[in-house]
Structure formats: C-alpha cells, structure tokens
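Peer 1: when you get a sec, could you give me coordinates for this:
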Amino acid sequence: MNAIYIALNVIKINLRDKKTLLSMVLFPMILIIILGSALKSAFSVEDLGKTTVYYLNSDNKQASKSFDEFLKNKQIKNILDVKSVKTYSEGKKLVSDGKATAMIYIDDNYTENYQNDKKSKIQVYENQKSAVRNGIVKSVIDSYNDAANTIMTTAKLTKGRTNYVESDNVKENYISVDGKSPRAIDYYSVTMLILILMYGANYGAAEIQNLYYDHIGKRIKSTGTRTFEHLVGVVFGVIFTLLIQSLVLVVFTKYAYGANWGDNPLIIVGVMAAMSIFSTSMGILFMSFTGDDKKASGLIGVITPILTVISGGYFKIPGLSDGVLAKCIPNGMAQSALFNSVYGGSISSAWQSVGIIIIMAAVMLSVSSLIARRRLA
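Peer 2: Below is the predicted model of the structure:
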C-alpha cells in the first residue's frame, strides 16, 4: 500500500508541475514540426528506378544457386539491376567508385556451412552515400532470408531437403517490401518521442533527491517503509507520468501532424513503457551514484543527446546510425521496434527489443538499490 501511495503522489506532483510538463510535451511537438519541415526533402523518394548492384557467387553450389534464381525473379529484376563481377576486389572497387549501390557476395563456404548446420552469410558491401538504396538492397535480401528460413525449418521438421539457407543478415527493415517508407514527420515523431522519454530520466533523479536526500528523506528514514518499497513507488509514479506525456505526444502528432503510427498500438505502448522504465532507472542510477540531482541532470543532459545522435534521432549518419553500436543502445532499439511495427518489419524483433530494454533497466535498478542502501545506511 505504501508503494501505491508513493506512486500516486509522484504522479500528482509531476502533473501539477506545469512548467516541466509543458516543456516535456511542447518541446518535442515544436522540434518535430521544425525538423519534419526542414528535412522533408531528405525523406522524399520519387522515381528511384532500379538500384544497381554487383553480384559474386564464389560458392556456386546447390545451396547458393537458389539465391541466383531468386535474383532472376521478375519482381526482383524490376527493383535491382544485378551485374556480375569476377572477383571480390573488383566489385568492392566499383562500389567505392560509385558505379553501384552495393555488392552482394556469397563466399565459397556457403553450401558447406549449410550442410554442417552452420550459419551461411550473404555479405553486402555498401556505398554509404545512399541510405535509401541500401535499405532497398537489405529489404530484398531480408525477403529472401525470411522465405529461406521458413523453408529450411520446414525441411528439418519433415527431414526433407531445401536449397535455402539461414543467414544472420540484418533483420530490421525501415523500407518494407510493399514500398512504404517514413516521411520526415513520421520519422521525427518516432525519434523525438524516444528523445523526450530519455530526458524523463530527470524525473527519476528528482524523485530520489526528494525521497532520500532532502528533508522529506529524513522523515522517510524514521518510518518503517523499506528502501525497496520506496523505489517501487517512485519508479511506477515516474513511469506513468512519462506514459501519460508520451500518449499525449502520440495522439497529437497523429491527428495534428498526420504522423503514421501504424495499426499495432500494443507495440507502441510496449516501447513507451520499456523506455519509461529505462529512463527512470537511468535517472535513479545517476542520482544514486552522484548523490546530487544537479550532477545527475548534467549527466543526463550529456548522455541523452549523444545516444540520440548515434541512433540517428536528429539525422542519419551513414556508418553510425545504421551500425552495430546504434542497434545496441536503447534509443536505437526503441526506434527500430517502432519502425518495424509501423512499416511492416519483424514484430518478433520489435518485442525482442522491448524485452532487452526492460532487462537493461532492471540491471540499473538493481545497481541503484545497492548504492542507495549503502548511502542511506
């Protein structure tokens, strides 16, 4: 009951703080319309025509020949202009010189790895100048992988044989096979939502300051309420505060700006909840570590923009925003989950990202609890 009371009290106080509330809601609304209007042309995709790629199959055996046939499909030929090269270095040089968007390469161990139940990779060497065309190439390969994985699994269950092989290529699709892609206003509605949720870490830091370090905290020490119970109350209070603000932002951008949020509200709420938990936990961790809300706020003010830049929140940086690091940070995972939900990507990958973000938050909360106990002992 004490935890519930604390949570309700936190929500009430936060919603009464009109200055902070307006900045948390109005700031992203203004930023979305500014970035969405200023960078509108960067998201316009019209009359792209075919995307040129070079292709080298060094394996040239049964398993890899199925991909050869896939590239000869009429629909794929309408999308890709596939040209053969004799060596990997030749194809890499042509791509580097801007003669093609990418080179698709299958090494000579492809079939052997498949027969030994190992992962077989379809490698892609990209020209980083065209993120849109790179997305098209990745989407085509992912379409093959999805079909191949399904057929391969079926074959194993039935003890049959198949020419398709498993690949650990990229799973998240920003451009789906039916051609949908985010407009600038759609893109920044997602990224600014994640940005403001990250800044919500300030709520977590402020509540820890109030509960444990200010005069209110002195009174709490004299009560029989446990430290863990206070943390639970604070976490849930801040989470629901952030969820309310997030829902307001989503509804506003949907009806005022016409932003596309797809038709899977459960994933949207799941991502918002996961990021609310994460940011709250981050604020609590920073506050527990520094013991000063101003220092904690300073850390949040530095780390949040850095993570936003890495994940492409303001604008995409080739080689960084679509790199491994971006896929491992909460901003990148949350954005990827939302884009997958809206634009026909993998729903299972979206939920997997939600789960990983929550695990990260749980780790931070556990560390925060240990630090807080030592400080308040």
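
Peer 1: every contact and neighbour count from this point should use C-alpha atoms.
Peer 2: Fine.

Peer 1: what's the neighbour count on Asn264?
Peer 2: 12 (other C-alpha atoms under 10 Å).

Peer 1: give me the distance between it and Gly344.
Peer 2: Taking C-alpha to C-alpha, to the nearest Å as the measure, Asn264 falls 10 Å from Gly344.

Peer 1: repeat that for Val269.
Peer 2: 17 Å.

Peer 1: neighbour count: these two, which is higher?
Peer 2: Gly344 (19 against 15).

Peer 1: contact partners for the residue most central in space within the chain?
Peer 2: The chain has Met333 as the residue nearest its centroid, 2.4 Å off, counting by C-alpha atoms, centre = their mean. Residues in contact with Met333, defined by C-alpha atoms under 8 Å, 6 or more residues apart in numbering, are 326-327, 353-354, 357.

Peer 1: can you tell me the element it falls in?
Peer 2: Element membership for Met333 (DSSP states H and E) is helix 330-342.

Peer 1: model confidence for Val248, exactly?
Peer 2: Model confidence at Val248, given as pLDDT, is 92.

Peer 1: residue numbering should commence at 151 henceforth.
Peer 2: Understood, numbering begins at 151; the last thing we discussed is Val398.

Peer 1: for Asn207, phi and psi?
Peer 2: Taking degrees, to the nearest 10, you get phi -110, psi 100 for the backbone angles of Asn207.

Peer 1: can you tell me how far it is from Tyr255?
Peer 2: Distance from Asn207 to Tyr255, by C-alpha to C-alpha: 6 Å.

Peer 1: now swap in Thr261 and tell me
Peer 2: For Thr261, the distance to Tyr255 equals 13 Å [C-alpha to C-alpha].

Peer 1: tell me the secondary structure at the closest residue to Gly505 other than its chain neighbours.
Peer 2: In this structure, Gly505 finds its nearest non-sequential neighbour in Ala424, 7.8 Å apart by C-alpha to C-alpha, 6 or more residues apart in numbering. At Ala424 the chain is in helix, as set by DSSP: H, G, I helix; E, B strand; the rest coil.

Peer 1: identify the residues contacting Ala424.
Peer 2: By C-alpha under 8 Å, 6+ apart, Ala424 lies in contact with 504-505, 507-508.

Peer 1: which elements pack onto whichever strand or helix holds Met174?
Peer 2: Assigned by DSSP H and E, Met174 belongs to helix 168-188. Judged by 3 or more C-alpha pairs under 8 Å, 6 or more residues apart in numbering; DSSP states H and E, helix 168-188 is in contact with helix 152-166, helix 334-349, helix 377-406.

Peer 1: got the angle for the longest one vs helix 168-188?
Peer 2: Right, helix 377-406. Computed by axes from the mean of the first three to the mean of the last three C-alpha atoms, to 10 degrees, the angle separating helix 377-406 from helix 168-188 equals 40 degrees.

Peer 1: any idea how far helix 377-406 is from the chain center?
Peer 2: 19 Å (C-alpha atoms, centre = their mean, to the nearest Å).

Peer 1: and the angle from that helix to helix 334-349?
Peer 2: Interaxial angle, helix 377-406 versus helix 334-349 (the same axes, to 10 degrees): 160 degrees.

Peer 1: per-residue pLDDT, Arg376?
Peer 2: Looking at Arg376, the pLDDT reads 61.

Peer 1: er, Asp247 actually
Peer 2: With respect to pLDDT, Asp247 scores 86.

Peer 1: now it: how far from Gln212?
Peer 2: For Asp247 relative to Gln212 (C-alpha to C-alpha), the value is 32 Å.

Peer 1: between the two, which is the more surrounded one?
Peer 2: More crowded of Asp247 and Gln212, by other C-alpha under 10 Å: Gln212, with 14 against 11.

Peer 1: if we can go back for a sec, ok, of the contacts of Met483, which one's closest to Ser429?
Peer 2: Nearest to Ser429 out of the contacts of Met483 is Ile507 (C-alpha to C-alpha; 10.0 Å).

Peer 1: okay, now that closest one: neighbour count?
Peer 2: Ile507: 24 neighbours (other C-alpha under 10 Å).

Peer 1: test my guess that it contacts Met425.
Peer 2: Yes: Ile507 is in contact with Met425 according to C-alpha atoms under 8 Å; the separation is 7.0 Å.

Peer 1: name the residues contacting each of those two.
Peer 2: By C-alpha under 8 Å, 6+ apart, the residues touching both Ile507 and Met425 are Pro480.

Peer 1: related to what we said a few turns ago, off-centre distance for the helix holding Met483?
Peer 2: Counting by C-alpha atoms, centre = their mean, helix 480-492 comes out at 3 Å from the chain centroid.

Peer 1: how about stretch 517-525?
Peer 2: 30 Å.

Peer 1: what about that stretch, average pLDDT?
Peer 2: Mean pLDDT, stretch 517-525: 76.

Peer 1: tell me which helix or strand in the chain has the weakest average pLDDT.
Peer 2: When the helices and strands of the chain are scored by mean pLDDT, DSSP states H and E, helix 365-371 comes last with a mean of 56.

Peer 1: where does the prediction get shaky in the stretch 251-400 of the chain?
Peer 2: 280-281, 296-331, 361-378, 381 (pLDDT under 70).

Peer 1: just how off-centre is whatever helix or strand Lys227 lives in within its chain?
Peer 2: Assigned by DSSP H and E, Lys227 belongs to helix 224-229. Distance, stretch centre to chain centre, for helix 224-229: 29 Å (C-alpha atoms, centre = their mean).

Peer 1: any idea which helix or strand comes after it?
Peer 2: Next element after helix 224-229 (DSSP H and E): strand 230-234.

Peer 1: what pairs with that following strand, and is each one parallel or antiparallel?
Peer 2: Paired strands of strand 230-234, with direction, are strand 201-207 (parallel) (DSSP bridges).
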